[in-house]
Structure formats: structure tokens, C-alpha cells
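> Test case, fold it:
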Amino acid sequence: MRRFAMLMFVMMMASVLAVPAFAQGTTTAVAGTNWVAIAASFAIAFAAGLAAFGQSRVASSACEALGRNPAARAGIMVFLITGLAFIESLVLFTIVFTKFI
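Next comes the predicted model:
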């Protein structure tokens, strides 16, 4: 219990001490290429491409498993839908995170 309380205290102090770092702003505007937007678009494209590859692998494995054991259809479909949802959520998380950069 003491170790947990110390961990909570350290995390609280780290969050309190980090606040002034986020209060600083920039004073000048820089004209030029928006590299953050370009990098974010590459991150989204990379995540979407790898997610499509992962979804194809999941679907291929599910079809192979159904071909080997058709009686296990219900269990395979649960894991198939869950896996596809997790893969797709990673792309959505990438889109959300790149919007806040």
C-alpha cells in the first residue's frame, strides 16, 4: 500500500510540475512549409496501408480456419470481428492523434 501511495504521489507531482511547460507560447509566426501536416498525412497513409494488410491477413486466416473446421464457425467469427474492430480502431486513433499535433 505504501508503494502504491508513493507512486500516486510521484505521478501527481510530475503532472503538476509539467503544467508550466505547456503554458509557454511562441512569439513569432514562421512562414514556410507546414511539415507537421505533411508528416501527419504520411502517418495516416502508413497506418491505413498497414491496417489494410492486417485486415487481409485476418480475413485470410479466418477463411482458412473455417475451411479446416466448419463446426467452429461461431467462435471464429467472434474473434474475426473483434480483430477487425481492433485493427480499424488503430487507424481511427492515428487520425485523431494527428489532428492534435
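> what is the rounded mean pLDDT of whichever helix or strand residue 15 is part of?
Per DSSP states H and E, residue 15 falls inside helix 2-23. If you average the pLDDT over helix 2-23, you get 74.
> Repeat that for stretch 46-55.
Per-residue scores along stretch 46-55 average to 89.
> Tell me which stretches of this structure form helices.
Taking DSSP state H as the test, the helices found in the chain are 2-23, 35-68, 73-99.
> distance of the residue lying farthest from the centre of the chain from residue 79?
The outermost residue of the chain relative to its centre, with distances by C-alpha atoms, centre = their mean, is residue 71 at 34.2 Å. As judged by C-beta to C-beta, to the nearest Å, residue 71 and residue 79 stand 15 Å apart. (C-beta placed from N, C-alpha, C; glycine too.)
> Run the chain-centre distance for stretch 86-101.
5 Å (C-alpha atoms, centre = their mean, to the nearest Å).
> what's in contact with it?
Stretch 86-101 is touched from outside by 36, 39-41, 43-44, 47-48, 51, 54-55, 58, with contacts defined as C-beta atoms under 8 Å, 6 or more residues apart in numbering.
> Just the buried residues of those residues.
The neighbour count (16 or more other C-beta atoms under 10 Å) marks 40, 44, 47, 51, 54, 58 as buried among the contacts of stretch 86-101.
> Need the residues you listed in a markdown table (columns: distance to residue 8).
As requested, those are exported to a markdown table (distance: C-beta to C-beta, whole Å):
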| residue | distance to residue 8 |
| --- | --- |
| 40 | 34 |
| 44 | 36 |
| 47 | 34 |
| 51 | 36 |
| 54 | 37 |
| 58 | 39 |
